[in-house]
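[1] missing the sequence, but the structure's below:
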Ligand SMILES: Cc1ncc(C[n+]2csc(CCOP(=O)(O)OP(=O)(O)O)c2C)c(N)n1
Ligand SMILES: Cc1ncc(C[n+]2csc(CCOP(=O)(O)OP(=O)(O)O)c2C)c(N)n1
Ligand code: SF4
Ligand code: SF4
Ligand SMILES: [Mg+2]
Ligand SMILES: [Mg+2]
C-alpha cells in the first residue's frame, strides 16, 4: 500500500508548523489518512523547526524516521536530516539559500518578485513538492485558498511559478486515492479536547499559558461567542485553579489546562476540590521534566504525580486518551463524571497528542454518556454535604431560593460547617471515598481499555496515552496484540487482565525512564515480561519502535 | 509494673499544653518514662483542650483511653472525659467552677488571693495532683522553678496552698522509681528534629507557619546565635522553597518545613531541586486533609504524594521516623544524604510525633554517618553537571575562584547550559536517576528498618512513622513482632522481606483510610493479611489498638 | 421577624475581646440592610480564607465558600463572573491577603472586578499563634521572629491605590458606626472595593490603646480627589505613631471587569451543531 | 585581554531585532565595568526566570541560577543572605515578575534586600508566543485574548514605589548609553534596585515607534524627592500615549534586609556541645 513521508524544515519563526498543516491537508484531500509530527525547540525564531507529514491509506498515529520528500528551507535542514534520506528521497530546497543536489527553487527571488513576505517561500516549496509528486494544481490551489487568509493572491502567484518550474518525478508520483472513504477532518489533540469539553457542556475555561496546552487556551478563547463559553487567563496557576472552583461553585462547568509545573501550583486547589466536592477537569499536558526540562517536547511522566497530587485522600478520575476520538470522548466524559460525582478529573495527555495533527472521525466516537449531576429537589432543607448511600450529595448553587450553600475545605458536617468531631470526620472521609465505587461502577460500561493491533496475538504490547497510537501500528505490522488502559484511575485492572488473557509475552512501551504504567499495574499484580522506554522527549518513530519491539521479543 | 495516666483539660488558651509538660516533667523526674498526648482544636481560646500524660517504668510512645487522674479546669472536662474514668480514677477539679464528686480545690479563689493570673490555676491543680498522689513537695517545687519563668513566687504560693489542701489518696500513690536508669530529656518531635538538623550541619531554615511544623520554625528561630543558623519566614511557601534553593546554591545547608497544603506550593521548586541537583530537606508534618481538613490533628496520608510530587522523574530520599531517636538521627542523615547525592529529601512525620512529648536518649542514637559532599578539586575546569559514574558531580559555590557555577531547571549539558539535544537529554536523565543506586547502596549500612516487639513472633504488625510507636507497645504486650520500614524511598524491600521472614500473619497498622504503606509494599509483592486503619485524626490509644489487633488476629 | 436567622448554630471560638466579633456584628447589620433594600440573601455569597477571621464562614447563615489560605480573591472573582447578579463579599486575613495571596489582591484591584473585600487586619497571624505579618511593625517579636522582624510593614492602602483599586477605605473594629457605614458603601460601590479593617487581636497583638489614641474620622474629604486620598493614605505607614484616618479615602468610577465580559447565553442552543461546524473547518 | 570571555558558546536564539540583545550588551558592559572597578566576576551571580529574557543565563559566562517562571526574587534574596559579599542581579520577564511571581517582587522591595532586578518588559509573554501580560495595554489582542484584554495595565513603577523599593528606574533598549548608566547605578545602590526596561519584542509587540516618539530622559530630576519621583512615575500609565520618562526616578537610603541580619559564624565551634546543652534544658 502506498505511503508517503514528507519533511519540511527550516528556521523557527518561518511558519513550518503552518506549512506542515498545509501539506497534511493536501494529502488528506487526496484521500490519505495523515499524521503530522512537529518538532521545535523552546524559542521563537532561529533554531531548527521541522514537520514530518506521513500519509497512508489507513488510520495512522506516528511518523517514520525515513522520508520520501525532504523540503529544505535552509542548508541546516539538509544536513540535520541526511540520515532520513534514501535513494528515492526527493529533495526540494530554496536554491537562493542552499546549493545541493536535487530540485532547487529560487524561492527568495520568487517571493521578492511577487512582493510577498519571506514566509511565502513555504508556499513555493509546497508547490514545488506538488509539482514533483504530480499532485494536481487544483488540489493545491483549493487548499491554499482555505489555509491562507491573508496575502492569498501573491501566495498563489508564487505557488503557480514554483509548481510549473518543477518537472514531475515519475518515481515519486503520489496518486489520488479512490474516494471509498470520507475525507476526515485533520486537527490536533488540543482542538479535539476543546471540542470534547464543549460537547460535554463546558461553560468556563481558565488557564495560564504553558506548552503543550497553551493552544487549547488559544483555541477555546477563539470559539464563537454563541457557544456560551467564558475564557479567563489570570495571573498564575494558583489563581487558575481557585477561579475554576469559584466558577463551579456558582454552577458553571469548568476546566483548566496546564502542564506539570503549572499543575504543581494547582495541587493545593486540587485537594480543595476533593474536600469541598467541587467538580473540576484538569487538562494536563505532559512535557519532559523535571522542572522546565524540555518544554516543547513530549513524555509520559506525570501518571503517578497526577494520581497522588494534593494532600489527603480523595477520589479522582484520571484518563489518558491515545487518539483524537478518545480525547474527544473522554474530555467530554471527564466533565460529566466530575459533575456526577463532584470530584476532580484529570485528562492526562502530552505534547505528542496535544500538538501533533491526526485525523478525527467524530462519527466513530461512542455516544457521549448522559450523566446528569444530582440536583437538589428544592423541597428538603438544603445540606451541601448530605450523607447519602452513594456518597454524592444533591447540588444547589447560590441564588437558589431557600438554599444556603456552604462549601468548606475544613472537615465539615453535612451542612458544610467546620467540625473536628471524630465520628463526623470519619463518616465524611468515608463519604468522599465511597464516591469511588459509583465511579468504578459507571466506568464498567465504558470503553476504559482499548485493544487493537492483532487482537488475538500471543505477544502483546502494553501501552498508554499517545504512545498507544504508534503501538497500534507496530501491532498491525508485526502481528502483536496491543492493550491500552485508557482510564488509569480507578484502573480497570480486571479489564486489563482480561485484555491480556492468553498473552504469551507482554512488553510495556512508555515514554518515560521509570516505567510508570508498569508500576501502576504492579499494584494489581500485573507484571509484564519486558519494557521499552524512551526519554529523550521525542515520540517513537514507527520504524524505531518496530526495531525495539523485534529486539525485545527476539 | 506501675503505670499512670493523668489527664488535664480545660479551655483553649488556658495553657493546658504547658500544664501537661509540667506534669510530664514531674513524672519524668520521678524516674518514669513519659509520653504526652495533646489534643486541641484549630482555635486560640475557648473550645476544649486537653493533655494526657502517661508514665511507665519503660519507654512508651502512646496514651491510653482510661486515666488514673482527671484534672478538670471546668465542667466540660469532666463531662467529655467521663468515659475515661474507672472506679479508681481520682478527679481533681476547680471547685470554683465545678460542683462534682472528688477533690475540689477553690483554684480561682486561691489564684485571686495570691494575685496571680488565671493561668496560674493550672499550677494549683498540678499541686493538688501531687498532694493526692503523694509526690513529694520538693519534686514539684523544683519542676515549677524550672518551668515557670515569670511570676514564679505567686505560682509557688498557689502550689503550696493547693498541695497542703489535699490529703494523699493511698490507692493512688505514685512512687518514686529507684534511680537505676538515667533521667532522659522530655521533648517533642519538632524539637528533636531541630536538634537533628543542627547536628547534621544546618545553616539555614526557611518556613512559613503551618501546623504541625510551626513549632519547628519557632524552635529554630530561637536557638542561640552562636549555632550560626539563619532563619527566614518569607511571604509564602513558594518563596520558602525557592529561597531554600538559593541558600543551597550559595553553599548553605538548608531545610524547610511545612504540611501538606504548603507542600503543594513547594512541589514546583521541589522538582527544580531534582533537575538542578540542588539539595534541600523538607520537614513534612502530616495532618488530616484533604485541604485544610483537621489542621491540629494527625494522620499518615502523604506517603504517596511525597513520593510522587513534582513533575518529571528524579531521585528523592524519604524517611518516616517513628520516635525521637529516629527523628534526630534521620533529620541529620537526610541533610547529609541530600548533600552527598545533591537530591531533595523529605522527612515525613506527623502531628503525633511533631507536637507530642516523648523521652529522648541521645546516647542510644547510632553515630551520625560522616558523608561529605563531593567538592570540586579546584584544578579541573568546573562543570556543574559533569557526567560521572555515580551520577554525582563535584560541587562548587559562587565566589569560588575560577569556577563558573551554572545551575539550570531546563535540560542542560555538563556545564549547565540549556540543551534539547536528544543524546545529552538522555544521558542527563540517566545521570540523575543513577544517583539512586549510590543512595540505596549507602542506605544498606543504615538502620532503615526497625524491628521491635517480640522480635521472633509469628504474628507481625507492619507499621510506619509515629504509629510504629504504639505498635511497639502492643507488640510487647501481645507478643507480636513489629516491623517498621523507616526509610520509605528507596524502600528497602529486601530488608523488609527479611524482617518479615517467618511471620505467620502480617497486619498493617496505619493512620489513613486507604492503606498507604500497604500500597507501597504491594509494588514489591509484599502483601499483608490484614489492615487496621484509623482516620479520625486521633492517634491510636494503646488499649484501642490492642483491641483492634486482637480482633484482627482472632 | 421578616429576615432570616443570620447566625448559624456553630460554636463561636474567637477569644474574648477579639475584634472579629465587631466585624461579625457589622456584617450582620450589612446583611440585614441589604435585605431591607431588596437584595435577597440567597443572592449573597461570602468567601473566606483560612485564619481566625475566616470562621465567619461558619458563623453566618448565608452562602459561603470557606476556601484556603490566601485565595479569597480568585474564588470571589470567578463567582462574580459566573453569576454577575450575585453580591460577592470576601473576608480575608492580613496574612491571607498581604502575604500568601498578595498577587491575587493586586490583580483584583487591577481588574476592578465588582466584589468587596474586607481585610481583618489584626497585623498578626492569629490562628497559627502569633507570627508577624506584612503589616506588623518593624521589630515585631512574633514566634518566628523572637528577636524582632527586620522588615518595614506594607501600607496596604498605598498598594491598593497603586494597583488601581476603585474604592479604598479603612475601618476600625472599635468604631462600629463608621465600620457599618464603610461596609455599606463598599458593597454599594461598583467595582473592586477594598476595606482594611484594623482589628484587635486580643491574644497576640492588642494595640487598641494605640489605635484609640491615633484614629480619627475623615471629614470633609473628597473621595474623588486622588491626590487628597494619597495624602491621607500616606499619613500613617503602619509602623510609626501618626494620626490614623478612618473612612473612605478614594472612589473611582471605572468600568468593571465583570461588566466588560461578553454576556453568555444561559444554555447555548444546538451545541452539537456548532461543534460540527467548527470541525468542518478542519477538513 | 585581562577580563574573562563574557559570552558562552551557547547558540543565541533571540529573534532578529529583539531588544534582549541590547540588554545583553548593556549587561556585558556592566560586568566589564564591575571587573574594572575591582569586583571579581566570581563574586557575581545572575538569577533568571523563564522566558525569552531568561536565556541570558545561558549566554553570559558567569555564575547563573536559571530558575523557574516567576521565581527570580526568592532565589536572589537567599543567595544574598547566604553570602552578602556576592553581587546578585536578577533578570526577569514582565510575565515572570508582574504576573506569576508578583508577590515576591513586592516583598523584595518591602525588605529592601540589596539585589538588583532588571525587568525585560516587552509587555508580552514572548516565549509562550504572545499572550498579554500585566503591562499590556487595555484591549491588547493576544492569543489568549483574541477579542482584546479587559484589564488596564499595572504601572510597575508606581507599585514599586508603594512597596518601598529604594531605587526605581526605567530604561529603554533603544537608548543604550542611558541603559548602561542606569544599570551601573542600580548595582551600585545599596538596597533593592528595580529597573523596568522597556524592551522591544520584535515578534509579538514591536512598539518601538511609539516609544521612540514618547520617551525622554529625566533631566534635573531630584531622585531623592519622593513627590517629584511620583509625579514622573504617574506621567505614563503604560496604557495611554504620554511622555515616557527614562532614567532613575527615586533613590532612598534605607537599611538593607541582608544588612540587618545577624552575621553568622562560618563554622560554629562545638556544634555537638551546644546541642547537648540545649537538650539539657529539656530534662
Ligand atoms: C498554604 C498554607 N500555608 C499555611 C497555612 C497555615 N495558616 C493557617 S491560618 C494562617 C495565618 C492566618 O493569618 P491571617 O490571615 O492574618 O488570619 P488571622 O488568623 O489573623 O485572622 C496560616 C499561616 C495554611 N493553612 N495554608
Ligand atoms: C509555572 C509555569 N507556568 C507557565 C509557564 C510557561 N511559560 C514559560 S515562559 C512564560 C512567559 C514568559 O513571559 P515573560 O516573563 O514576559 O518573558 P518573555 O518571554 O516575554 O521574555 C510562560 C507563561 C512556566 N514555564 N511555568
Ligand atoms: S487569636 Fe486574635 S484574632 Fe484570633 S480569635 Fe483570638 S483574639 Fe481573635
Ligand atoms: S519573541 Fe520577542 S522577546 Fe522573544 S526573542 Fe523574539 S523578539 Fe525577543
Ligand atoms: Mg491576621
Ligand atoms: Mg515578556
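    The structure has been received and is ready for your questions. It should be emphasised that the depicted structure is a prediction, and the values quoted were computed from it without experimental measurement. Ligands and ions are numbered 1, 2, ... in the order given.

[2] only C-alpha atoms for contact and neighbour calcs from this point on.
    Noted.

[3] Quick check: the residue of chain A nearest ligand 1.
    Going by CA to the nearest ligand atom, ligand 1 is nearest to residue A:268 of chain A, at 7.6 Å.

[4] can you pull the pLDDT of that residue?
    In the predicted model, residue A:268 carries a pLDDT score of 98.

[5] by how many degrees do the helix or strand harbouring it and helix B:260-276 diverge?
    Assessed by DSSP states H and E, residue A:268 sits inside helix A:260-276. Compare the direction of helix A:260-276 with that of helix B:260-276 by axes from the mean of the first three to the mean of the last three CA atoms, to 10 degrees and you get 160 degrees.

[6] which is the next helix or strand following the host helix or strand of residue A:163?
    Here residue A:163 sits within helix A:152-165, counting by DSSP H and E. Next in sequence after helix A:152-165, counting helices and strands by DSSP H and E, comes strand A:186-188.

[7] so where is the chain shaky, pLDDT-wise?
    If you meant another chain, say so; for now it's chain A. A:1 (pLDDT under 70).

[8] You answered for a different chain; I wanted chain C.
    C:1-3, C:266-268.

[9] Spit out the contact partners of residue 248.
    Here I'm looking at chain A. With contact set as CA atoms under 8 Å, 6 or more residues apart in numbering or on different chains, residue A:248 has these partners: A:254, A:278-280.

[10] my bad, chain C
    C:167-170, C:182, C:218, C:223.

[11] give the contact list for the residue of the stretch 301-450 of chain A found nearest ligand 3.
    For the stretch 301-450 of chain A, the residue closest to ligand 3 is residue A:418, as judged by CA to the nearest ligand atom, at 15.6 Å. With contact taken as CA under 8 Å, 6+ apart, residue A:418 is in contact with A:408, A:410-412, C:58.

[12] if I've got this straight, residue A:311 is in a strand?
    No. The assignment for residue A:311 (DSSP: H, G, I helix; E, B strand; the rest coil) gives coil, which keeps it out of a strand.

[13] Give me the distance between the residue of the stretch 301-450 of chain A closest to ligand 3 and residue B:294.
    9 Å (CA to CA, to the nearest Å).

[14] go on, residue A:441?
    With CA to CA as the criterion, residue A:441 and residue B:294 are 30 Å apart.

[15] More neighbours: these two, which one.
    residue B:294 (25 against 11; other CA atoms under 10 Å in any protein chain shown).

[16] which residue packs closest to that one, ignoring adjacent ones?
    residue B:288 (5.3 Å; CA to CA, 6 or more residues apart in numbering or on different chains).

[17] Show the contacting residues for the residue of the stretch 151-300 of chain A found nearest chain C.
    Residue nearest to chain C within the stretch 151-300 of chain A: residue A:185 (3.8 Å; CA to the nearest CA). Residues in contact with residue A:185, defined by CA under 8 Å, 6+ apart, are A:359-361, C:279-283.

[18] can we see that at 10 Å?
    When contacts are counted by CA atoms under 10 Å, 6 or more residues apart in numbering or on different chains, residue A:185 touches A:25, A:28-29, A:33-34, A:357-362, C:279-283.

[19] residue boundaries of the helices in the stretch 201-350 of chain A?
    A:214-221, A:237-249, A:260-276, A:303-308, A:324-341 (DSSP state H, counting those that start in this stretch).

[20] scratch that, the stretch 151-283 of chain C
    Using DSSP H, counting those that start in this stretch, helices in the stretch 151-283 of chain C cover C:156-163, C:176-188, C:208-214, C:226-235, C:257-260, C:271-280.

[21] quick one on the thing from earlier: list the contacts for the closest residue to the residue of the stretch 301-450 of chain A closest to ligand 3 other than its chain neighbours?
    Leaving aside its sequence neighbours, residue A:418 sits nearest to residue A:412 (CA to CA, 6+ apart; 4.1 Å). By CA under 10 Å, 6+ apart, residue A:412 lies in contact with A:275-276, A:385, A:406, A:418-421, A:424-425, A:428, B:293-294, C:58.

[22] so of the contacts of residue A:418, which ones are in strands?
    residue A:408 (DSSP state E).

[23] Filter the contacts of residue A:418 down to the buried ones.
    Listed as buried from the contacts of residue A:418 are A:408, A:410-412, C:58; burial here means 16 or more other CA atoms under 10 Å in any protein chain shown.

[24] Tell me the one among these nearest to residue B:133.
    Nearest to residue B:133, judged by CA to CA, of these is residue A:411 at 39.9 Å.

[25] Surely the closest one is in contact with residue B:287?
    No. Counting by CA atoms under 10 Å, residue A:411 sits too far from residue B:287 to count as a contact (11.7 Å).

[26] Would you mind listing the residues touching both of these two?
    Between them, residue A:411 and residue B:287 share the contacting residues B:293-295, judged by CA under 10 Å, 6+ apart.

[27] Adding distance to ligand 5, write those out as a markdown table.
    As requested, the shared contacts of residue A:411 and residue B:287 are arranged in a markdown table below (distance: CA to the ion, whole Å):
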| residue | distance to ligand 5 |
| --- | --- |
| B:293 | 20 |
| B:294 | 20 |
| B:295 | 17 |
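
[28] Longest helix of the chain, counting residues only.
    Picked chain A for this. For chain A, the longest helix by residue count, based on DSSP state H, is helix A:422-444.

[29] To clarify, I was referring to chain C.
    helix C:20-36.

[30] Can you give me every residue that contacts the residue of the stretch 101-250 of chain C found nearest ligand 2?
    Residue nearest to ligand 2 within the stretch 101-250 of chain C (CA to the nearest ligand atom): residue C:103, separated by 14.6 Å. Residue C:103 sits next to A:235-236, A:239, C:70-71, C:73, C:97, C:109, D:98-106 when contact means CA under 10 Å, 6+ apart.

[31] Tell me how far the residue lying closest to residue A:332 once chain neighbours are set aside lies from residue A:184.
    Spatially, and ignoring its direct neighbours in sequence, residue A:332 is nearest to residue A:200 (4.1 Å; CA to CA, 6+ apart). Noted for residue A:200: a distance of 22 Å to residue A:184, by CA to CA.
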